[in-house]
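Engineer: sharing a model that was predicted from the sequence below.
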Amino acid sequence: MEKISVLFCCMGNICRSPTAEVVFRARVEEAGLAQQITIDSVGTHDYHIGNPPDLRTQRAAMGRGYDMSMLRGRQVEVADFSRFNYVLAMDNANMAILYRLCPKEQRDRLGLFLQYAQKHKQREVPDPYYGGEDGFERVLDMVEDAAEGLLFHIKNKHLSNL
């Protein structure tokens, strides 16, 4: 059986991409597909390598039942583009960085995470880092929406025989 891998990417890997990782992992586990789908997150910058997610991010996530305390920030590597089927950026700025780093033959793996959202029309997850607590809740709303759409897409495209 084909194993699918998804990598979420933001700037520092302490707010948006770890949120996407834990939310999507929860959806995948609920669907009984944890053995078929691998999930990770990274940042394009090296600001927070080895650090846990931002405490505000963790609080907001925990309020919805997502525990991300075990996650640690890491920076994207060129090898990630061959390891992951989907490399999904949170915004256009990080998408541009990924595009520059990604070998040409693997650029079809790149995309914006919110392209899978059903309820949200915007295609960029805003960075909540410099805002108030409500920004972290808004990110969770967007990420939960896109996670549902991404799982639907993967099930239909890759795992329809299950």
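Structural biologist: Thanks, I have the structure now. Fair warning: this is a prediction, and the values are worked out from it, not measured in the lab.
Engineer: what comes up buried for the biggest helix by length in the chain?
Structural biologist: For the chain, the helix that runs over the most residues, judged by DSSP state H, is helix 133-158. For helix 133-158, the neighbour count (16 or more other C-beta atoms under 10 Å) marks 135-136, 138-140, 142-151, 154-155, 158 as buried. C-betas here are computed from N, CA, C, even on glycine.
Engineer: how about stretch 22-33?
Structural biologist: For stretch 22-33, a neighbour-count test (16+ other C-beta under 10 Å) marks 22-28, 31, 33 as buried.
Engineer: what of stretch 42-60?
Structural biologist: Buried-residue list, stretch 42-60, by 16+ other C-beta under 10 Å: 42-45, 48, 52-54, 56-58, 60.
Engineer: also stretch 97-111?
Structural biologist: Within stretch 97-111, the residues scored as buried using 16+ other C-beta under 10 Å are 97-98, 102, 109-111.
Engineer: and that stretch, end to end?
Structural biologist: Using C-alpha to C-alpha, to the nearest Å, the end-to-end distance of stretch 97-111 comes to 12 Å.
Engineer: chain center to it: distance?
Structural biologist: From the chain centre to the centre of stretch 97-111 is a distance of 16 Å (C-alpha atoms, centre = their mean, to the nearest Å).
Engineer: give me the below-cutoff pLDDT ranges for this structure.
Structural biologist: Along the chain, segments meeting pLDDT under 70 span 1, 162.
Engineer: quick one: secondary structure of C9?
Structural biologist: Classification of C9 by DSSP: H, G, I helix; E, B strand; the rest coil places it in strand.
Engineer: where along this structure do the strands fall?
Structural biologist: Remark: strands assigned in the chain by DSSP state E are 4-10, 37-43, 86-89, 110-112.
Engineer: need the nearest residue in space to A31, chain neighbours excluded.
Structural biologist: Distance criterion C-beta to C-beta, 6 or more residues apart in numbering; nearest residue to A31, sequence neighbours excluded, is L151 at 6.3 Å.
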